[in-house]
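Student: Fold the following and give me the result.
(chains A and B)
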2 protein chains.
Amino acid sequence: MKKKNIVFIAKSLDGYIAGKNGELDWLQAIPNPENNDMGYKQLMEDIDAIIMGRTTFETVCGFGGDWPYQKPVFVLSRSIKTIPENLRGKVFLLAGPPQEILQKLHHKGYFRLYIDGGRTIQDFLKADLIDELRITTIPILLGGGFPLFGELSEAMAFEHIQSVVFLNQIVQDHYKRKR
Amino acid sequence: MKKKNIVFIAKSLDGYIAGKNGELDWLQAIPNPENNDMGYKQLMEDIDAIIMGRTTFETVCGFGGDWPYQKPVFVLSRSIKTIPENLRGKVFLLAGPPQEILQKLHHKGYFRLYIDGGRTIQDFLKADLIDELRITTIPILLGGGFPLFGELSEAMAFEHIQSVVFLNQIVQDHYKRKR
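Tutor: Below is the predicted model:
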């Protein structure tokens, strides 16, 4: 099976994934009465597992309610020591550089991976391990916050696959790494 | 006539308008054999004058060749003292805060203005004086450089007008400020 690491994330017009104080409310700035999932369910069907950072994991846990993922979630953290009992068998802890993480997951049979969380995405991009970017842009300038993209030692070319406009306001751009 | 301040600029996927050392070569990364102008000529017809910062002015001068603008260009600079003789009547010097600059130009009968240059765009956005954003995204991560957007004290909502894909690779997004 083809190995693939996919980023699927929403950002502001100015490239932030969270506001200055971690705010995420602007993600819901555009009314979405019919709960258009903007490709999320399809993505979830297309992947084998999810890799996310500690902050994203804690954010998802903070939402409360049922655990939202059907696929195994690998949380990258050195500080978390145990997984809450209700998440055992669903969430697993890992630590190490991106290349090692991937080797471990490929060895377990997980090849198509959803890479989530700002820090994790930046680390995987730095190691040039991202194959697809699916970026959803909310039409707002936040003016500060946690940026989606970080510093890179070299430029990386991507290929535009498609752009789709959701709810008449939200543009989703799909890019593949040009190698 | 309706007053309007328009930004029309190209950025990398990660939001830079120039590379770490001021590089602009990546703007031509996508082959453009038929010189698609991606809406530039239409913009030039739709405006009365151009406001740009010193760096952009010096960059344009450095390109050599004929002066590329048909409309009056107002360069914001305190350090430039005189305009080269061949540009007199075409280029004018101004200095002051964005609101004052606009008052001067409106008084002269220039209402539809193309705001160009990273620093100038950021200053006008900070003062909430940008009405339209037309942003062209080149599918490359630069990993550093001069960012299109800067810090803002408050978030600003925009309305998506349209997105167009040029050369099968370059997405141009058109937004209006929601007031």
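
Student: got the residues of chain A near chain B?
Tutor: A:12-15, A:19, A:26, A:29, A:125, A:133, A:137, A:139-144, A:148-160, A:163, A:165, A:168-171, A:173, A:175 (CB under 8 Å from any CB of the partner chain). Heads up, the C-betas are built off the backbone N, CA and C, glycines and all.

Student: Inside strands: which ones of the residues you listed?
Tutor: A:12, A:133, A:137, A:140-141, A:156-160, A:163, A:165, A:170-171, A:173, A:175 (DSSP state E).

Student: Weed out the non-buried ones from these.
Tutor: Listed as buried from these are A:12, A:133, A:137, A:140-141, A:156-158, A:160, A:163, A:170-171, A:173, A:175; burial here means 16 or more other CB atoms under 10 Å in any protein chain shown.

Student: from those residues, which two are the most distant?
Tutor: The distance between the two most remote of those (CB to CB) is 28.1 Å, for A:Ile140 and A:Ala157.

Student: Any stretches of chain A with poor pLDDT?
Tutor: Scanning chain A for pLDDT under 70 picks out the ranges A:1.

Student: most centrally placed residue in it?
Tutor: In chain A, the centroid-proximal residue (CA atoms, centre = their mean) is A:Asp116; its distance is 2.4 Å.

Student: quick one: which helix or strand includes the nearest residue to that one once chain neighbours are set aside?
Tutor: The shortest distance from A:Asp116 to any non-neighbouring residue, by CB to CB, 6 or more residues apart in numbering or on different chains, is to A:Met52 (4.3 Å). A:Met52 is located in strand A:49-53, with elements delineated by DSSP states H and E.

Student: quick one: the next helix or strand after that strand to strand A:49-53, angle?
Tutor: Going down the chain from strand A:49-53, the next helix or strand is helix A:54-62, by DSSP H and E. Between helix A:54-62 and strand A:49-53, the angle comes out at 110 degrees (axes from the mean of the first three to the mean of the last three CA atoms, to 10 degrees).

Student: Next SSE downstream of helix A:54-62?
Tutor: Following helix A:54-62 in sequence, per DSSP H and E, is strand A:73-76.

Student: Off-centre distance for that next one?
Tutor: 12 Å (CA atoms, centre = their mean, to the nearest Å).

Student: which helices and strands sit right next to it?
Tutor: Strand A:73-76 sits against strand A:49-53, helix A:54-62, strand A:91-94, helix A:98-107, with contacts defined as 3 or more CB pairs under 8 Å, 6 or more residues apart in numbering or on different chains; DSSP states H and E.

Student: And the contacts of stretch A:10-26?
Tutor: A:9, A:27, A:59, A:118, A:135-149, B:14-15, B:133, B:148-149, B:155, B:158, B:175 (CB atoms under 8 Å, 6 or more residues apart in numbering or on different chains).

Student: Buried ones from these, can you make that a PyMOL selection?
Tutor: Burial among the contacts of stretch A:10-26 is assessed by 16+ other CB under 10 Å; the matching PyMOL selection reads:
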select buried, (chain A and resi 9+27+118+135+136+137+138+139+140+141+142+143+144+145+146+147+148+149) or (chain B and resi 14+15+133+148+149+155+158+175)
